[in-house]
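Colleague: structure of the sequence below:
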Amino acid sequence: MPDERPARPSDIARAALEAARAASAARPQPTRRRVAGPRRRWTGPGPGADDPQPLGKLVDSLVSHQDWTARTKVGAVFGRWDTLVGPDIAAHCRPESLNEGELLVVAESTAWATQLRLLAPSILGRLRAGVGGDVVTKLRVVGPTAPSWKKGPRTVRGRGPRDTYG
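Modeller: Numbers count the residues shown, from 1 in each chain. Here you go, the predicted structure:
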């Protein structure tokens, strides 16, 4: 007498899967038709001029094609000042202007101006390494400026508003 056990759900699912596979294998496979048109030409193993390009590569080619390399190096001095000189120095001074290779740096105090004058060779070395040797050739450091007592377009020579103090 065979042992009559109820069918388990996994047995039923396995039998249904085998029946679906058998039905799929018996069906004829559709043939693929080739679409008429020009044959596709591949550009080769590397990207071609008409392939999508990374944005950085496009910007670099535009800068070199338009001969903007000197301007981008000058912009890099001002834009990357914190990373070029370090966060300690950048917290106490800022670049003001760059004319004919001379970078004007304004310090927040006279003590920092003196310190930056002593560090000028190492700062120039960092700038040469980070941006290029021909961009910044000389470093001029100035301290903070005193407030002006001049008010308006006309002034009188002399001590100014403090001349009545004694």
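Colleague: helix, strand, or coil at the residue most central in space within the chain?
Modeller: Centroid-nearest residue in the chain, with Cα atoms, centre = their mean: G56, separated by 9.1 Å. Judged by DSSP: H, G, I helix; E, B strand; the rest coil, the three-state class of G56 is helix.
Colleague: relative to L62, how far out is it?
Modeller: In this view, G56 and L62 are 11 Å apart by Cβ to Cβ, to the nearest Å. In short, each C-beta sits where N, CA and C put it, glycine included.
Colleague: repeat that for D50.
Modeller: Applying Cβ to Cβ, the value for D50 to L62 is 17 Å.
Colleague: who's more crowded, these two?
Modeller: Neighbours per residue, other Cβ atoms under 10 Å: of D50 and L62, the larger number sits with L62, 10 against 7.
Colleague: ok, the closest residue to the more buried one other than its chain neighbours - how many residues close by?
Modeller: Nearest non-adjacent residue to L62, counting by Cβ to Cβ, 6 or more residues apart in numbering: W68, 7.8 Å away. As a burial measure, W68 scores 13 neighbours (other Cβ under 10 Å).
Colleague: for E102, give the beta-bridge partners.
Modeller: N99, K138 (DSSP bridges).
Colleague: that one: how many residues sit nearby?
Modeller: 12.
Colleague: please renumber the chain so that the first residue is 457 from this point on.
Modeller: OK, 457 is where the count begins now, so the last one is E558.
Colleague: if I read this right, it contacts V598, doesn't it?
Modeller: No: when contacts are counted by Cβ atoms under 8 Å, E558 is not listed as touching V598 (11.9 Å).
Colleague: hey, what's in contact with both of the two?
Modeller: Shared contacts of E558 and V598 (Cβ atoms under 8 Å, 6 or more residues apart in numbering): none.
Colleague: residue ranges of the helices in this protein, please?
Modeller: Ranges of helices in the chain, per DSSP state H, are 465-482, 511-522, 525-535, 537-541, 543-546, 566-574, 576-586.
Colleague: need these in a markdown table (columns: distance to E552).
Modeller: Listed next are those as a markdown table, based on distance: least, Cβ to Cβ, whole Å:
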| stretch | distance to E552 |
| --- | --- |
| helix 465-482 | 77 |
| helix 511-522 | 25 |
| helix 525-535 | 10 |
| helix 537-541 | 11 |
| helix 543-546 | 14 |
| helix 566-574 | 12 |
| helix 576-586 | 14 |
